[in-house]
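[1] sequence unavailable; structure follows:
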């Protein structure tokens with residue numbers, strides 16, 4: 001339940017509106033420091049102005065969630081921290097009860113996002129870090145999804161390129177810590193998945209069209225080897241499999257690769 005439902009535009013003196021202890025103005029409105037216990041069991045302890053929460057305060061929900069920070073006209077507005085019942089936490093800027101501006105969101109699994117928000121979703125520039133792999137996405141977000149330009153940073157390589165709705169689409173490249181690079185362009189290709197039902201499922205997944213396996217002096221040294229952490233001297237470490245925010249796994253070898261016999265025009269890569 002939104003904390004804005006407390007006692008909006010209601011007469012505070014009615015017994016069914018909960019209890020209040022604190023300062024009032026000449027009109028009898030809550031004004032200054034006070035404590036309120038709502039009929040639903042939520043509590044608020046903080047500043048009021050002309051009957052509404054304004055200034056610093058702490059709101060505790062009966063479901064164990066709580067907000068500590070700035071209020072304006074009964075809405076979270078300014079800097080504040082929200083602790084959610086599932087263990088996640090947001091610390092940052094609020095505008096009219098919505099996450100907006102710069103903020104850090106820590107998820108229950110340990111992942112966290114540090115960046116810009118707009119109307120309660122990731123939007124603008126930001127970095128999403130994956131707890132289980134140590135990988136990161138750093139770049140642009142649009143309405144909660146990885147979009148436009150960005151890079152995925154893994155243990156021994158990174159991908160730099162264009163994204164659309166959490167998927168790599170358009171020109172991009174893999175850069176490995178041994179100096180190898182893989183340039184190409186991602187396209188959405190249909191993939192048919194046969195099931196036990198009379199119908200088949202058609203999914204679209206990115207497919208990399210590349211001019212050559214690698215840019216490290218040997219066509220025999222492939223993208224697969226580099227992604228597996230192999231060098232000419234042997235293994236270099238485990239393959240990284242970062243999980244996208246809410247969208248399965250993304251790896252450099254998680255998409256079909258097509259090596260062209262004739263290299264395309266590389267201008268602008």
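    Nice, thanks for sending it over. Fair warning: this is a prediction, and the values are worked out from it, not measured in the lab.
[2] partner residues bridging the residue nearest to residue 47 when sequence neighbours are not counted?
    Of all residues not flanking residue 47 in the chain, residue 55 sits nearest, at 3.1 Å (Cβ to Cβ, 6 or more residues apart in numbering). To be clear about C-beta, it is placed using only N, CA and C from the backbone, and glycine gets the same treatment. Residue 55 has these beta-bridge partners by DSSP bridges: residue 71.
[3] residue 55: how many residues sit nearby?
    14 (other Cβ atoms under 10 Å).
[4] wait, isn't it in contact with residue 69?
    No: in terms of Cβ atoms under 8 Å, residue 55 does not count as a neighbour of residue 69; the distance is 10.1 Å.
[5] tally up the residues packed near the nearest residue to residue 50 once chain neighbours are set aside, please.
    For residue 50, ignoring the flanking residues on the chain, the nearest one in space by Cβ to Cβ, 6+ apart is residue 29 at 5.4 Å. Residue neighbour count, defined by other Cβ under 10 Å, stands at 14 for residue 29.
[6] same deal with residue 95?
    By other Cβ under 10 Å, the residues close to residue 95 number 17.
[7] residue 58 now?
    Neighbourhood size, residue 58 [other Cβ under 10 Å]: 15.
[8] got the contact list for it?
    Counting by Cβ atoms under 8 Å, 6 or more residues apart in numbering, residue 58 touches 44, 45, 46, 66, 67, 68.
[9] so which of these is the most crowded?
    Counting neighbours by other Cβ under 10 Å, residue 44 leads the contacts of residue 58 with 25 neighbours.
[10] confidence score at it?
    With respect to pLDDT, residue 44 scores 97.
[11] same check, this time on residue 172
    For residue 172, the pLDDT comes out at 87.
[12] residues contacting it?
    Residue 172 neighbours (Cβ under 8 Å, 6+ apart): 159, 160, 161, 162, 183, 184, 185, 186.
[13] can you pull up the bridge partners for it?
    Beta-bridge pairing of residue 172 under DSSP bridges involves residue 161, residue 184.
[14] now it: how far from residue 140?
    Distance of residue 172 to residue 140, computed by Cβ to Cβ, to the nearest Å: 14 Å.
[15] pick out whichever of the contacts of residue 58 sits closest to residue 33.
    Closest approach between those and residue 33, by Cβ to Cβ: residue 46, at 7.3 Å.
[16] just checking, that closest one touches residue 74?
    No: Residue 46 is not in contact with residue 74 according to Cβ under 8 Å; the separation is 11.6 Å.
[17] residue 157: how many residues sit nearby?
    That count, for residue 157 with other Cβ under 10 Å as the rule, works out to 24.
[18] so what's it closest to, chain neighbours aside?
    Nearest one to residue 157, counting by Cβ to Cβ, 6+ apart, is residue 176 at 4.3 Å.
[19] again with residue 39
    Nearest to residue 39 is residue 18, by Cβ to Cβ, 6+ apart, at 4.9 Å.
[20] was I right about the one you found contacting residue 37?
    Yes: contact criterion Cβ under 8 Å: residue 18 and residue 37 qualify, at 5.3 Å.
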